[in-house]
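Visitor: Just need the structure, nothing else, for what follows:
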Amino acid sequence: MIGALKPGDVVFYGYIPTRNSTIHHVGIYLGNGQMVNAARPGTRVRVDSGTSMSHYAGGARIL
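Guide: Model prediction:
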């Protein structure tokens, strides 16, 4: 759930969100619903909404 994330958490997106093997994208959560996102190789790193991509699969806190 995006609402439980804290700044610095890693967010994952997958084709089938309930299957880890389908993860296709990772971002870094900034807070206030925003994440650092580099959509594809060769594109600029930007700040996007955490819901700008479909198939949110979860988040993790790196300790």
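Visitor: neighbours around the closest residue to Met53 other than its chain neighbours, how many?
Guide: In space, and not counting its chain neighbours, Met53 is closest to Tyr13: 5.0 Å by C-beta to C-beta, 6 or more residues apart in numbering. For glycine as for every other residue, the C-beta is placed from the backbone atoms N, C-alpha and C. A total of 20 residues lie near Tyr13 under the criterion other C-beta atoms under 10 Å.
Visitor: helix or strand for Tyr13, which one?
Guide: Counting by DSSP states H and E, the element that carries Tyr13 is strand 10-14.
Visitor: quick one: strands adjacent to that strand?
Guide: Listed by DSSP bridges, the sheet partners of strand 10-14 and their directions read strand 23-31 (antiparallel), strand 56-60 (antiparallel).
Visitor: Just read off the phi/psi values of Asn20.
Guide: Per-residue torsions, Asn20: phi -60, psi -30 (degrees, to the nearest 10).
Visitor: still on that earlier bit, out of the strands paired with strand 10-14, which comes closest to Thr43?
Guide: Taking C-beta to C-beta as the criterion, Thr43 comes closest to strand 23-31 out of those, the separation being 12.1 Å.
Visitor: Only the buried residues of that closest one, if you could.
Guide: Within strand 23-31, the residues that qualify as buried by neighbour count (16 or more other C-beta atoms under 10 Å) are 23, 25, 27-30.
Visitor: Take those residues and write them to CSV, including pLDDT and distance to Gly3.
Guide: Supplementary listing: these in CSV, determined by pLDDT from 0 to 100; distance: C-beta to C-beta, whole Å:
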residue, pLDDT, distance to Gly3
Ile23, 94, 21
His25, 91, 20
Gly27, 93, 16
Ile28, 95, 17
Tyr29, 95, 11
Leu30, 95, 14
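Visitor: Pick out whichever of those residues sits closest to Asn37.
Guide: Here the nearest of the buried residues of strand 23-31 to Asn37, counting by C-beta to C-beta, is Gly27; it sits at 4.9 Å.
Visitor: Identify the bridge partners of that closest one.
Guide: Listed by DSSP bridges, the beta-bridge partners for Gly27 are Val11.
Visitor: All set now, cheers.
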